[in-house]
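Chemist: Using only what follows, build the 3D model:
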Amino acid sequence: MAVDKARTVDWFETQLGVNHLGHFAPTAPLLPAMLTTPGARIASMRAWRRRYGRWQAYNQSKLANLLRILELQ
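Modeler: From the prediction side, this is the model:
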């Protein structure tokens, strides 16, 4: 949580890669089945031209999780 500035192998900011993209990648292929299954749910636990801030990056990754949950809903 709140790691130093770094990038994933795909060049995403690490906090976003771990907290959001890492959850999105395995759930995206499930979407077609979810759309045809009544009551199906996915539960999830959350632009860098400015100076890096570890807490700002953490907060952005958690916001991305919330937005994804809203989209899935």
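Chemist: how about low-confidence regions in the chain?
Modeler: Scanning the chain for pLDDT under 70 picks out 44-49.
Chemist: Sort out which residues of the longest helix seen in the chain are buried, please.
Modeler: Looking across the chain with DSSP state H, the single longest helix is helix 54-72. Using 16 or more other CB atoms under 10 Å as the test for burial, helix 54-72 gives 57-58, 60-62, 64-65, 68, 72. To be clear about C-beta, it is placed using only N, CA and C from the backbone, and glycine gets the same treatment.
Chemist: Okay, L72 and A25: tell me how far apart.
Modeler: Remark: distance between L72 and A25 (CB to CB, to the nearest Å) = 14 Å.
Chemist: name the helices or strands packed onto the host helix or strand of F24?
Modeler: Secondary structure from DSSP states H and E places F24 in helix 22-27. Applying 3 or more CB pairs under 8 Å, 6 or more residues apart in numbering; DSSP states H and E, one finds that helix 22-27 contacts helix 54-72.
Chemist: Using PDB, write down the CA coordinates of the helix it packs on.
Modeler: Provided in PDB are the C-alpha atoms of helix 54-72 (Å, rounded to 0.1, in the frame of the first residue of the first chain):
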ATOM      1  CA  ARG A  54       2.200   7.500  -3.200                       C
ATOM      2  CA  TRP A  55      -1.100   8.200  -1.500                       C
ATOM      3  CA  GLN A  56      -2.600  10.000  -4.500                       C
ATOM      4  CA  ALA A  57      -1.700   6.900  -6.600                       C
ATOM      5  CA  TYR A  58      -3.300   4.600  -4.000                       C
ATOM      6  CA  ASN A  59      -6.500   6.700  -3.900                       C
ATOM      7  CA  GLN A  60      -6.700   6.800  -7.700                       C
ATOM      8  CA  SER A  61      -6.400   3.000  -7.900                       C
ATOM      9  CA  LYS A  62      -9.200   2.600  -5.400                       C
ATOM     10  CA  LEU A  63     -11.400   5.100  -7.300                       C
ATOM     11  CA  ALA A  64     -10.800   3.000 -10.400                       C
ATOM     12  CA  ASN A  65     -12.100  -0.100  -8.500                       C
ATOM     13  CA  LEU A  66     -15.300   1.800  -7.500                       C
ATOM     14  CA  LEU A  67     -15.900   3.000 -11.100                       C
ATOM     15  CA  ARG A  68     -15.400  -0.500 -12.400                       C
ATOM     16  CA  ILE A  69     -17.900  -1.900  -9.800                       C
ATOM     17  CA  LEU A  70     -20.400   0.800 -10.900                       C
ATOM     18  CA  GLU A  71     -19.900  -0.200 -14.600                       C
ATOM     19  CA  LEU A  72     -20.400  -3.900 -13.800                       C
END
